[in-house]
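Visitor: Predicted model follows, preceded by the sequence.
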Amino acid sequence: LLRPALVPTVQWLMGPAVRAAPVPASVAMQEICGYVGSCLVSHLPEFAKVVAGSVGELATPVDAALHGALCGIARTLGTAEAAQAYIQVATAVPPVLDTSHAVHRYC
């Protein structure tokens, strides 16, 4: 019943909502994609571009939740497709090292 509303909801969470309320929006997106990511597979490239475009602009926990959302979509695929999707997620975002955040604070 909710499937038709999922794509615009996730698009909204990825766009204006994550800018207005980064932590709640990114966590909500991670939860949605973790549970019903299979409905969003065709939008994975679109969402990966948005996440890639936000690197360095959002706090590390928000960035991690957005990547988790992408992985939540990818994990619903078959083995071969999932491997390609994970590669797409990993390569969509350029490596960024933010030395202002100590890694041990998030581990």
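Guide: Perfect, thanks for sending it.

Visitor: To what extent is the nearest residue to L77 once chain neighbours are set aside buried, counted in neighbours?
Guide: Leaving aside its sequence neighbours, L77 sits nearest to A85 (Cβ to Cβ, 6 or more residues apart in numbering; 5.7 Å). All C-beta atoms are positioned from the backbone trio N, CA, C, and that covers glycine. By the criterion of other Cβ atoms under 10 Å, A85 has 22 neighbours.

Visitor: Verify the stated contact: A85 with G78.
Guide: No - look at A85 against G78 with Cβ atoms under 8 Å: they stay out of range, at 10.1 Å.

Visitor: Against Q30, how distant is G37?
Guide: 10 Å (Cβ to Cβ, to the nearest Å).

Visitor: centre of the chain versus the lowest-mean-pLDDT helix or strand in the chain, how much separation?
Guide: Every helix and strand in the chain was compared by mean pLDDT, DSSP states H and E; the lowest is helix 79-92, with a mean of 74. Once both centres are worked out by Cα atoms, centre = their mean, to the nearest Å, helix 79-92 turns out to sit 13 Å from its chain's centre.

Visitor: thinking again about what came up before, neighbour count for G37 and Q30, which is higher?
Guide: G37 (23 against 20).

Visitor: Leaving out sequence neighbours, find the closest residue to that one.
Guide: Using Cβ to Cβ, 6+ apart, the closest residue to G37 is I73 (3.8 Å).

Visitor: Return the residues in contact with that neighbour.
Guide: I73 sits next to 33, 37-38, 40-41, 43-44, 47, 85 when contact means Cβ atoms under 8 Å, 6 or more residues apart in numbering.

Visitor: Show me what counts as buried in the one helix or strand it maps to.
Guide: Assigned by DSSP states H and E, I73 belongs to helix 60-74. Neighbour-count burial for helix 60-74, counted by 16 or more other Cβ atoms under 10 Å, picks out 62-63, 65-74.

Visitor: try stretch 9-26
Guide: Counting neighbours by 16+ other Cβ under 10 Å, stretch 9-26 gives 9-11, 13-14, 17-18, 22, 25-26 as buried.
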